Each structure stands twice: as C-alpha cells, then as structure tokens.
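Participant: Structure, please.
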Amino acid sequence: MSPVAIPYVGFDVSKHTLQFEGPCRQSTGQVRNEPAVLIRKLNALRQLYPELHLICEPTGGYERLLITAAHSLGLRVTLVDAWKVRHFALGLGWRSEEHTSELQSRLHLVCRLLLEKK
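Facilitator: Next comes the predicted model:
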C-alpha cells in the first residue's frame, strides 16, 4: 500500500479574519471569522481536497469557530502548541517583528508537516 499525501492548510486566526495557506493558490487566502462565510470557504477547500487537515494555534478563543465549523463538516483539525511554533520560527532565524498572518499560517503548515515525521 502506498502512502497518500495529506493536504494540510495552516490557519492564522484573529478576531475578525483567518489567513490560510495551503498546497495551492486556491487553498491560500483570507476569510472573515464568521460562521456562514467560514463554512462556505471550508466546503470549497474540501471540494479541492476531500482528505483536508487544518492546522491552527490557540488564539484566546478566536479559533473555536474554525474548530467547530471544521468538526461539523467532518474535517480534521490539529491545534499546534504556540510555544513550539514560535521557537521553531526563531530556529529558522525569523524574528517576531517579521511575523505576519501570511507567514504565521505558512509556519503552521510547515511545523505540522515536520511534526508528522516523528
């Protein structure tokens, strides 16, 4: 049996928006952190990748809507440890002032891929 690549999409969550980064241009962008809009975007991502796996870090509760919406659609979600992600970025030489939402969502994606190799 050959392994199947799992399509991961990393999310940087804030109060009003979610920045996301995936394996292709259609799975990268920004969406408002509102139930109807988020469910439409997750359904579109699921159409692209039926085995979709989402990654985000805790952000004071703002991630709850993403997690609830993903679970309601049957999507897998991993909540990564913010401390590990931050120190991983420092290990890559990224300074905290360089972190943008786009970089953070990409970092979640890379971090998850590396952690999966354990």
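Participant: Kindly give the local confidence score, pLDDT, for Val9.
Facilitator: On pLDDT, Val9 comes in at 89.
Participant: Leu115 too?
Facilitator: Looking at Leu115, its pLDDT reads 57.
Participant: Same question for Arg95.
Facilitator: Looking at Arg95, its pLDDT is 66.
Participant: Now do the SS call for Leu45.
Facilitator: What DSSP: H, G, I helix; E, B strand; the rest coil gives for Leu45 is helix.
Participant: wouldn't it be in contact with Cys24 here?
Facilitator: No: look at Leu45 against Cys24 with CB atoms under 8 Å: they stay out of range, at 10.3 Å. Heads up, the C-betas are built off the backbone N, CA and C, glycines and all.
Participant: out of these two, which sits in the more crowded spot?
Facilitator: Leu45 (23 against 10; other CB atoms under 10 Å).
Participant: what's near enough to touch that one?
Facilitator: Contact partners of Leu45, counting by CB atoms under 8 Å, 6 or more residues apart in numbering, are 9, 22, 27, 52.
Participant: burial measure for the third one, as a count.
Facilitator: This means Ser27. Neighbourhood size, Ser27 [other CB under 10 Å]: 19.
Participant: measure it to Leu48 for me?
Facilitator: 6 Å (CB to CB, to the nearest Å).
Participant: between those two, what contacts are shared?
Facilitator: Counting by CB under 8 Å, 6+ apart, the common neighbours of Ser27 and Leu48 are Pro7.
Participant: tell me which residues in stretch 37-54 are buried?
Facilitator: 38-39, 41-42, 45-46, 49, 52-54 (16 or more other CB atoms under 10 Å).
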